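Enquirer: I'd like to go over a predicted model; first the sequence, then the structure.
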Amino acid sequence: MTHKYCCKCQQYLHLSRYHLDTRSVDGRRGTCRTCSGDRRRQQLKELKSREDPKIYAYINRRLQDVSLDWVKVGYTGKSINTRLGWMTTASPFGKEDFPLVAVVSHPDAKKLELVIHRKLALLGERKYEWFRVDVPDVIEVIEQVTGVSNEHTGV
C-alpha cells in the first residue's frame with residue numbers, strides 16, 4: 001500500500017503525505033498533513049478568540065434568606081453571558097433568578113477561585129461553590145484576592 005484516502009479532503013495521497021500514528025492500523029493518521037495543519041490552525045484561532053478568564057459571583061433569588069444570600073462564586077474561560085445561560089436553562093424564570101454581583105478578569109482566575117472559596121468558607125456556610133454570606137463581603141474578598149476591582153456595576 002503506497003497511497004491512502006484522506007477523510008478530510010477526500011483525496012488519495014502518497015503515504016509520505018501523512019503523519020505517523022502508532023495507534024492506527026496502518027500506522028498513519030486519517031487526515032493528510034495539509035488537513036491536519038488546517039485543523040490545528042483552526043484550534044489555535046479558537047483559543048485566541050476565547051475571553052479572558054473571569055471570576056464571577058451571582059445570587060440565586062430563589063434561595064434568598066431574610067439576612068443572607070446564597071452566592072455562587074465560580075470561574076469561566078467563556079463569556080459571562082454564556083456561563084449564565086447554562087445556569088438559566090435549569091430555571092423556569094430565566095436570568096432574573098441569577099443576578100450578577102461581581103465579575104473580575106484575571107489571567108490566574110482558576111487558581112484564585114480556590115483561594116476565594118477558602119476565604120468565603122470562613123465567613124459563612126458553604127455548599128460546593130455556593131456560600132451563604134453577605135454580598136458586600138463576597139465582592140470584598142474577590143477584589144482583595146485578585147487585586148482587581150469589580151467590573152460589574154449593579155445587581
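Expert: Ah, there it is.
Enquirer: okay, now the unreliable bits of the protein?
Expert: Of all residues in the chain, those with pLDDT under 70 make up the ranges 46-51, 62-67, 88-96, 153-155.
Enquirer: measure stretch 125-135 end to end?
Expert: Start and end residues of stretch 125-135 are separated by 13 Å (CA to CA, to the nearest Å).
Enquirer: now that stretch: buried residues?
Expert: By neighbour count on 16 or more other CB atoms under 10 Å, the buried set for stretch 125-135 is 130, 131, 132, 133, 135. Bear in mind the C-beta positions are built from the backbone N, C-alpha and C, glycine included.
Enquirer: neighbouring contacts of that stretch?
Expert: 57, 59-60, 63, 65, 68-74, 101, 117, 120-121, 123-124, 138, 155 (CB atoms under 8 Å, 6 or more residues apart in numbering).
Enquirer: distance from that stretch to the middle of the chain?
Expert: For stretch 125-135, the separation from the chain centroid amounts to 20 Å (computed by CA atoms, centre = their mean, to the nearest Å).
Enquirer: can you list the domain ranges for the protein.
Expert: Domains of the chain are assigned by automatic domain parsing as 3-49, 54-146.
Enquirer: winner for burial among those?
Expert: domain 54-146 (a mean of 16; mean count of other CB atoms under 10 Å).
Enquirer: tell me which stretches of this protein form helices.
Expert: 33-49, 80-88, 109-123, 135-146 (DSSP state H).
Enquirer: okay if I get those helices as JSON lines plus distance to residue 15?
Expert: Listed next are the helices of the chain as JSON lines, based on distance: least, CB to CB, whole Å:
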{"stretch": "helix 33-49", "distance to residue 15": "11"}
{"stretch": "helix 80-88", "distance to residue 15": "42"}
{"stretch": "helix 109-123", "distance to residue 15": "42"}
{"stretch": "helix 135-146", "distance to residue 15": "52"}
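Enquirer: so which of those helices comes closest to residue 19?
Expert: helix 33-49 (6.1 Å; CB to CB).
Enquirer: hmm, who's touching that closest one?
Expert: 6, 8, 9, 17, 18, 19, 29, 31.
Enquirer: return the subset of those lying in strands.
Expert: 18, 19, 29, 31 (DSSP state E).
Enquirer: and for the residue nearest to residue 108 when sequence neighbours are not counted, the neighbour number?
Expert: Nearest residue to residue 108, sequence neighbours excluded (CB to CB, 6 or more residues apart in numbering): residue 53, at 7.7 Å. Around residue 53 there are 19 other residues, counting by other CB atoms under 10 Å.
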